[in-house]
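Chemist: Okay, here's the prediction I keep looking at, along with the sequence it came from:
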Amino acid sequence: MSVDTQKRAAAEAAVERIEPGSVIGVGSGSTVDQFIDALAASDTRIEAAVAASEASAERLRNHGIEVRDANSVSELSIYVDGADEISRHLQMIKGGGGALTREKVIAAIARRFVCIVDESKWVRALGDFPLPVEVVPMARSYVGRQLLKHGGRPTLREGFTTDNGNVILDVQGLDCAEPIALERALNNIAGVVTNGLFAARPADELLVGTDTGVQRFTAA
Ligand SMILES: O=C(CO)[C@H](O)[C@H](O)COP(=O)(O)O
């Protein structure tokens with residue numbers, strides 16, 4: 001089974017969790033694209049969606065699904081998003097597509113976070129994927145020096161600006177053994193908007209597309 005087929009299977013399983021008539025949160029990336037397409041092709045009609053990226057918003061609108069601003073909703077029943085890595089504790093590294101800040105905000109608003117991935121994202125321990133850190137442009141050098149002190153090796157994502165007008169440092173070599181502590185410590189660096197560790201707020205449910213079907217895990 002191809003990676004795309006695995007993503008599609010996880011995405012279709014997530015559609016089954018959507019309550020008709022609800023307002024939902026939608027993340028970003030290729031797996032979420034599959035979710036949006038599968039939702040549009042299904043019989044489930046939602047009231048509206050809040051999107052984590054301009055690309056997801058456009059895709060939703062192209063399917064005739066209303067997109068609302070996050071400021072106009074006080075709660076979302078569910079948030080569906082992918083991940084770059086996810087552990088058995090349902091803690092994640094996200095931000096490969098650079099939408100980490102909006103993703104973290106929408107995850108915070110939602111009552112339930114359902115993560116959809118192909119098998120390659122399901123890891124024993126977080127940290128092989130370089131951790132994306134969104135940084136205010138004028139703080140780039142300072143934040144880079146602080147990340148070195150944390151044992152990381154930051155690289156500027158060249159030619160990339162986030163939907164919020166910031167830059168991304170992709171950081172290799174960080175010790176992610178205590179992900180909640182690391183998430184907090186990095187967020188405390190002045191100039192960091194947020195980092196791609198979703199550890200303090202893990203997913204509630206994980207749907208992994210595999211060659212033998214969709215495996216489901218819930219937070220312990
Ligand atoms: O965090 C993300 C974007 O910021 C995505 O969820 C993550 O990069 C996974 O993407 P894909 O589904 O394309 O593998």
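Modeler: Perfect, thanks for sending it. Residues are numbered from 1 along each chain as shown.
Chemist: got the residues of the protein near the ligand?
Modeler: 27-31, 81-84, 94-100, 103 (Cβ under 6 Å from any ligand atom). Where you see a C-beta, it was placed from the backbone N, CA and C, and this is true even at glycine.
Chemist: what's the helix or strand for the residue lying closest to residue 155 once chain neighbours are set aside?
Modeler: Spatially, and ignoring its direct neighbours in sequence, residue 155 is nearest to residue 170 (5.1 Å; Cβ to Cβ, 6 or more residues apart in numbering). Here residue 170 sits within strand 167-172, counting by DSSP states H and E.
Chemist: Give the next helix or strand downstream of that strand.
Modeler: Counting by DSSP H and E, the element after strand 167-172 in chain order, helix or strand, is helix 179-187.
Chemist: what sits against residue 85?
Modeler: By Cβ atoms under 8 Å, 6 or more residues apart in numbering, residue 85 lies in contact with 92, 93, 121, 123, 126, 127, 128, 129.
Chemist: got these as JSON lines, with secondary structure, neighbour count and pLDDT columns?
Modeler: As requested, those are exported to JSON lines (DSSP: H, G, I helix; E, B strand; the rest coil; neighbours: other Cβ atoms under 10 Å; pLDDT from 0 to 100):
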{"residue": "92", "secondary structure": "strand", "neighbour count": "31", "pLDDT": "98"}
{"residue": "93", "secondary structure": "strand", "neighbour count": "28", "pLDDT": "98"}
{"residue": "121", "secondary structure": "helix", "neighbour count": "25", "pLDDT": "98"}
{"residue": "123", "secondary structure": "coil", "neighbour count": "18", "pLDDT": "97"}
{"residue": "126", "secondary structure": "coil", "neighbour count": "24", "pLDDT": "98"}
{"residue": "127", "secondary structure": "coil", "neighbour count": "19", "pLDDT": "97"}
{"residue": "128", "secondary structure": "coil", "neighbour count": "12", "pLDDT": "97"}
{"residue": "129", "secondary structure": "coil", "neighbour count": "20", "pLDDT": "98"}
